[in-house]
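Asks: Make a model of this:
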Amino acid sequence: MSFNKVILVGNVGKDPEIRRFENNIKASFSLATSETYTPRGGEKVTQTEWHNIVAWRRLAELSENYIRKGSQILVEGKLRYRSYDDRDGNKKYIVEIEADTIQLLGRKPDGQNQQGSGQGSQGNSQSFQNSGQSYSSPSQNSSPLPGEGPSEDLTSHDAADDLPF
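Replies: Okay, here's the model as predicted:
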């Protein structure tokens, strides 16, 4: 048995770069995760790691519309390795997280307002999944983060269809 699952929570480093193909769409962006620790010297150190995130199809379209530099998000996906030859013939290796689910957390970056919702720049939580080109919001039972407004319902199908039994 094997298992390839990555879960990251961090801040988006740049607006998604969108590439459109004949029958597909791809969104690429960087995500920063930070870890703070205190070594024996006693002075706090913060180490930031940058991760390459890739989203395809409907998840890429939603990333284009909702994700901006500074957004705090949760990404669930798979670790992917790929390689290519550069112009000089050297082999280059790239590690990416191929997103299966992206959840928007916390507050939206300044200047990003929801149209028609009346929430302005209050916080919200939205979840997008790349399964069968569908997407959904978090379940009604999920508790919002402190100071967070209500979740926006982006579900276009009956919630009873989501039951696992």
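
Asks: Helix or strand for residue 4, just tell me which one.
Replies: Using DSSP states H and E, residue 4 sits within no helix or strand.

Asks: how near is it to residue 102?
Replies: Distance, residue 4 to residue 102, by Cβ to Cβ, to the nearest Å: 17 Å. For every residue, glycine as well, the C-beta is placed using N, CA and C.

Asks: Looking at those two, which one has more neighbours?
Replies: More neighbours surround residue 102 than the other of residue 4 and residue 102, with 26 against 9 (other Cβ atoms under 10 Å).

Asks: partner strands of the one helix or strand the more buried one maps to, parallel or antiparallel?
Replies: Following DSSP H and E, one finds residue 102 within strand 91-105. Applying DSSP bridges to the sheet, strand 91-105 is found paired with strand 45-56 (parallel), strand 72-85 (antiparallel), strand 126-129 (antiparallel).

Asks: okay if I get those strands as CSV plus distance to residue 28, mean pLDDT and mean neighbour count?
Replies: Putting these into CSV (distance: least, Cβ to Cβ, whole Å; pLDDT from 0 to 100; neighbours: other Cβ atoms under 10 Å) gives the following:
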stretch, distance to residue 28, mean pLDDT, mean neighbour count
strand 45-56, 5, 96, 16
strand 72-85, 12, 96, 15
strand 126-129, 16, 60, 21
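
Asks: picking that back up, quick one: average confidence on the strand holding residue 102?
Replies: Mean pLDDT, computed over strand 91-105, is 95.

Asks: In that strand, which residues are buried?
Replies: Using 16 or more other Cβ atoms under 10 Å as the test for burial, strand 91-105 gives 96-105.

Asks: For the strands paired with strand 91-105, give me a markdown table that also has distance to residue 30.
Replies: Output for those, formatted as a markdown table (distance: least, Cβ to Cβ, whole Å):
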| stretch | distance to residue 30 |
| --- | --- |
| strand 45-56 | 5 |
| strand 72-85 | 11 |
| strand 126-129 | 18 |
